[in-house]
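1. Let me see the structure of the following:
(chains A and B)
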Amino acid sequence: MKQAQFDAVIIGAGGAGLRAALQLAQSNVKVAVVSKVFPTRSHTVAAQGGINAALGNVSEDNWHWHMFDTIKGSDYLGDQDAIEFMCREAVEIVRELEHFGVPFSRLDSGKIYQRPFGGQSQHFGESQATRTCAAADRTGHAILHSLYQQNLQVGTHFFNEHLALDLIKDEQHQIAAIMSLDIQTGEYHLLRANQFLIATGGAGQLFRTNTNAMINTGDGLGMVLRAGLPLMDMEFWQFHPTGVAGKGMLISEGARGEGGVLRNAQGEAFMQRYAPKVKDLASRDVVSRAIAIEIQQGRGCGEHKDYIELDLTHLDPEMIKTRLPGIRDISLTFTGQDPINSPIPIHPSCHYMMGGIPTNLHGQVLTKQDGQMHALPNLYAIGEAACVSVHGANRLGGNSLLDIVVFGREAARHMQQQTQLGSASDLPLQMQQVEQRIHKWQRALSNNASPNNTPLSANINDNADSIYLIKQDLQRIMEQHCGVFRDAPNLAAGLPKLDALAERLNKVGLEDSAQVFNLERVQAFELENLLALGYATLHSALSRQESRGAHSRVDFPERDDQAWLKHTLYFSENHRIDDKPVNLSPLTVDGFKPKPRVY
Amino acid sequence: MEFIIYRFNPETDKAPYNQTYQLDKTQIKPGMMLLDALKHLKQQDPSLSFRSSCQEGVCGSDGVNANGQNKLACITPLSELGNKISLRPLPGLPVIRDLVVDMTQFYEHYERVAPYLQADEFNADVEHLQTPMERAKLDGHYECILCGCCTTSCPSFWWNPDKFAGPAALLAAHRFVVDSRDIQPKQRLKQLDDAYTTFRCRNIQNCTASCPKGLDPSAAISDLKHRIINDD
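-> Have a look, this model is predicted:
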């Protein structure tokens, strides 16, 4: 085992981790970034449509309207202090990104191009706003690469292709180190530091049909649960309305922002029945439910009536080529159809985790002990892995890229100020838990080591269980028991199925016996995290007896602010559920009181 | 369908070898990509190693050499590859294991061209202005995903992997030279001006032919050469 020591360790090198790393490295903090892939492979790269900021470059805008839209979009579950903070920072931080080199598309005025997105309004719900700053439809790619480039300039230290396994506490129960697996060599590294930041992104791999990369397995969330800390609002998963049917890849909301229309088998632009005012630009939860209902009621397209069409054929082909080149590529590659000439077959696809690791405004991780919430002194979480909570029960398009850079910077600033910086714990560490996990999969390696180490396909027992099969079953179970529409019997029926998977995961061995680039072992560690999140999701969804945002309970179809205007906390020990109040008091303006949510 | 795949595990193999796999017809669906096939093969044999992540051609993880051409597995339809498919790691870089190459040298060349915007002072009240025409010059550059398909298909890089920056790094260099916001274009050109870094390019154009994103590093390198010469 190798050892190293830093002031701060950041886990994850997507947009959030890289923005934080840049801040710390610029301030001469000795920071290391641990990433299981080379940084520009992180999933921020796949974000398409853009980043919200009330620049007002196209039409009048104001951070206060952005704040209102975000709160309404969150179905009033978002914390209003955090939302105010994010929306106020947005304008300056987008200009900062531009300064870092992000190649935003431009208006004739030379200013940053903005497009309309779902759930955006002027004057607190009156008319459509145009708030999403875009680099064509490759905004995430542009931001991720620019942030990585800026980190190169300041010489940030990276541990690439290192899988973080666990947070490790010292004798006084302070987090004092992390353990990581160097995927290239199979060696384990113990990284001691004073401050830790989790920026490991989402976990869309929990569901069968998703828009997420293979790497989105919620590793940081699994680490937090194993450290005895809670997750928040894990029942809220966003199903993006427009994934490619049968495959899942994302077709940006920008396609509808630029004028695209959803149509059912009869060619009807059905969103006017569900959201008469803003139609196709209603919030994502609203549009996804509408699509699910259209298909349920037999108005789906195609031979099996199992998808809906996104129609761009009435739009200017030149506009499609310049503003939506990436989604045109995806459509051409994966459906064989050019959206200039024919509609794109789409179906809702699991896209984003609104829940995550609870934090305060500065990104400090929160836990609840003896009925009181309190912040851990040296553990932070940001981005999709965290739940601060700016997205509440439903995230607005264009707010996730904003979330990662705003809270990436804020967490880093707060870490800089922490006095403990530079004096990491040198107390003995509690290594038992992580050693057990390491030994478990190490043993699985040696048990299966065949003499020649080159198993031919013919030698492999087809009936044997495998990491791959268990993951596939987990994704199916989550889709069947915790999809767009939910009810108590179906949710409860999922739990024993997860127990059966846990049993299988305990017994399964690995076929690959190598140390170098053993991706089967990586998937085993990831699967432990995913399964833990499966439990968190089902238990949280079962506990919330109302419908709010992305959580649609058929047996409790109404939102119930009396009983449920609160966050869900989930602890893995005995699958305990607790709660945390929603912050309805912003920093400087009046709070927005919950109202019925109509688009 | 038959796959002949380059295998090498440094812990147990003295030398690389080819292993043949079969994919049953029933497992092959219309529109299936090479990556989907690799995943099926990994189910048959979990010891087969290859990188992949986004599965839609934006993260740049899964560059491989398929039937002699560098491709991204996730956006290469099986139907393009025939019934007998030969898969090798990207050429010209050390192999870590199977189809996984060590990209350190590739990344080092990228870092060496200072691939970051150096703009005038930051002003929180207004962005650096750029006309749509000026912005259009970045198209065909910033979309690069650093998959390495171009650089590892370049004979000049194979000959001088330590000294020739290679098409991906030079495309990045050009992206900042032509960015109207950058204040260091002359400095950048000076840095690229030696017998190897840029001028080892012999205009073979394998880079442009192999780019899975349809970018044209060859044209960017030609423009860099012109600018360097005219700058002198």
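
2. Where does the prediction get shaky in chain B?
-> Applying pLDDT under 70 to chain B flags the ranges B:232.

3. Relative to the whole chain's centre, how far out is the helix ranked longest in chain B?
-> Secondary structure assigned by DSSP state H gives helix B:217-231 as the longest helix of chain B. Remark: helix B:217-231 is offset 20 Å from the chain centroid, using CA atoms, centre = their mean, to the nearest Å.

4. Could you confirm whether that helix reaches chain A?
-> No: using CB under 8 Å from any CB of the partner chain, helix B:217-231 stays clear of chain A, coming no nearer than 14.9 Å. (C-beta placed from N, C-alpha, C; glycine too.)

5. For that helix, give me every contacting residue.
-> Helix B:217-231 has contacts (CB atoms under 8 Å, 6 or more residues apart in numbering or on different chains) with B:140-141, B:150, B:167-168, B:170-171, B:173-175, B:177-178, B:186, B:189-190, B:192-193, B:198-199, B:201, B:203, B:205, B:207-208, B:211.

6. who's in contact with B:Lys190?
-> Contacts of B:Lys190 by CB under 8 Å, 6+ apart are B:Asp231.

7. What number of residues are in the vicinity of the closest residue to A:Arg138 other than its chain neighbours?
-> In space, and not counting its chain neighbours, A:Arg138 is closest to A:Gly326: 5.1 Å by CB to CB, 6 or more residues apart in numbering or on different chains. For A:Gly326, the neighbour count with other CB atoms under 10 Å in any protein chain shown is 25.

8. Buried residues, the longest helix of chain B. List them.
-> Of all the residues in helix B:217-231, those buried under the rule 16 or more other CB atoms under 10 Å in any protein chain shown are B:217-218, B:220-221, B:224-225, B:227-228.

9. Out of those residues, which is nearest to chain A?
-> Among the buried residues of helix B:217-231, B:Ala220 lies closest to chain A (CB to the nearest CB), at 14.9 Å.

10. related to what we said a few turns ago, point me to the helix or strand that includes the residue nearest to A:Arg138.
-> helix A:325-335 (DSSP states H and E).

11. After that helix, which helix or strand is next?
-> strand A:344-353.

12. Would you mind splitting chain B into its domains for me?
-> Recorded structural domains for chain B (assignment: automatic domain parsing) are B:2-100, B:104-231.

13. With distance to A:Gly509 added, can I get the ones you listed in JSON lines?
-> Putting the domains of chain B into JSON lines (distance: least, CB to CB, whole Å) gives the following:
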{"stretch": "domain B:2-100", "distance to A:Gly509": "10"}
{"stretch": "domain B:104-231", "distance to A:Gly509": "33"}
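
14. Next up, identify which helix or strand A:Met9 is on.
-> Let me fix one detail, which is that residue A:9 is Val and not Met. Per DSSP H and E: strand A:8-11 holds A:Val9.

15. That strand pairs with which strands?
-> When sheet partners are counted by DSSP bridges, strand A:8-11 sits next to strand A:31-35 (parallel), strand A:195-198 (parallel).

16. immediately after the longest one, which helix or strand?
-> This points to strand A:31-35. Counting by DSSP H and E, the next helix or strand C-terminal to strand A:31-35 is strand A:51-52.

17. What is that following strand packed up against?
-> On a contact count with 3 or more CB pairs under 8 Å, 6 or more residues apart in numbering or on different chains; DSSP states H and E, strand A:51-52 meets helix A:80-99, strand A:132-133, helix A:400-417.

18. Swap in 6 Å and give it another go.
-> If you count contacts as 3 or more CB pairs under 6 Å, 6 or more residues apart in numbering or on different chains; DSSP states H and E, strand A:51-52 packs onto helix A:400-417.

19. outside of the helix or strand following the helix it packs on, which residues touch it?
-> Per DSSP H and E, the first helix or strand lying C-terminal to helix A:400-417 is helix A:432-448. By CB atoms under 6 Å, 6 or more residues apart in numbering or on different chains, the surrounding residues in contact with helix A:432-448 are A:165-166, A:179, A:509-511, A:513, A:521, A:524.

20. The next helix or strand after helix A:432-448 close to chain B?
-> Next in sequence after helix A:432-448, counting helices and strands by DSSP H and E, comes helix A:467-481. Yes: interface with chain B: helix A:467-481 contributes A:Tyr468 (CB under 6 Å from any CB of the partner chain).

21. Of all the residues in helix A:467-481, which ones are buried?
-> A:467-468, A:470-471, A:473-475, A:477-479, A:481.

22. Now do the helices in the stretch 451-599 of chain A.
-> Ranges of helices in the stretch 451-599 of chain A, per DSSP state H, counting those that start in this stretch, are A:467-481, A:488-507, A:519-543, A:561-564.

23. now the longest one against helix A:467-481, angle please.
-> Helix A:519-543 and helix A:467-481 are oriented at 20 degrees to each other (axes from the mean of the first three to the mean of the last three CA atoms, to 10 degrees).

24. Which strands and helices lie in contact with helix A:519-543?
-> Against helix A:519-543 (3+ CB pairs under 6 Å, 6+ apart) you get helix A:219-226, helix A:467-481, helix A:488-507, strand A:566-571.

25. Wait, a strand at A:Leu379?
-> Yes: assessed by DSSP: H, G, I helix; E, B strand; the rest coil, A:Leu379 belongs to a strand.

26. Can you get me a residue count around A:Gln442?
-> 16.

27. Can you pull the residues of chain B lying near chain A?
-> So far as CB under 6 Å from any CB goes, chain B lies against chain A at B:9-12, B:43-47, B:49, B:53-54, B:56, B:58-59, B:61, B:75, B:96-97, B:100, B:111, B:115-117, B:119, B:122, B:124, B:127, B:129-132, B:135, B:138, B:142, B:146.

28. Among the contacts of helix A:432-448, which lie within strands?
-> When the contacts of helix A:432-448 are checked against strands (DSSP state E), the matches are A:165-166, A:179.

29. want to throw those into CSV with neighbour count and distance to A:Val33?
-> CSV is the format used below for those (neighbours: other CB atoms under 10 Å in any protein chain shown; distance: CB to CB, whole Å):
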residue, neighbour count, distance to A:Val33
A:Leu165, 24, 16
A:Asp166, 23, 18
A:Met179, 23, 16
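
30. Name the nearest of these relative to chain B.
-> For the ones in strands among the contacts of helix A:432-448, the nearest to chain B is A:Leu165 (19.2 Å; CB to the nearest CB).
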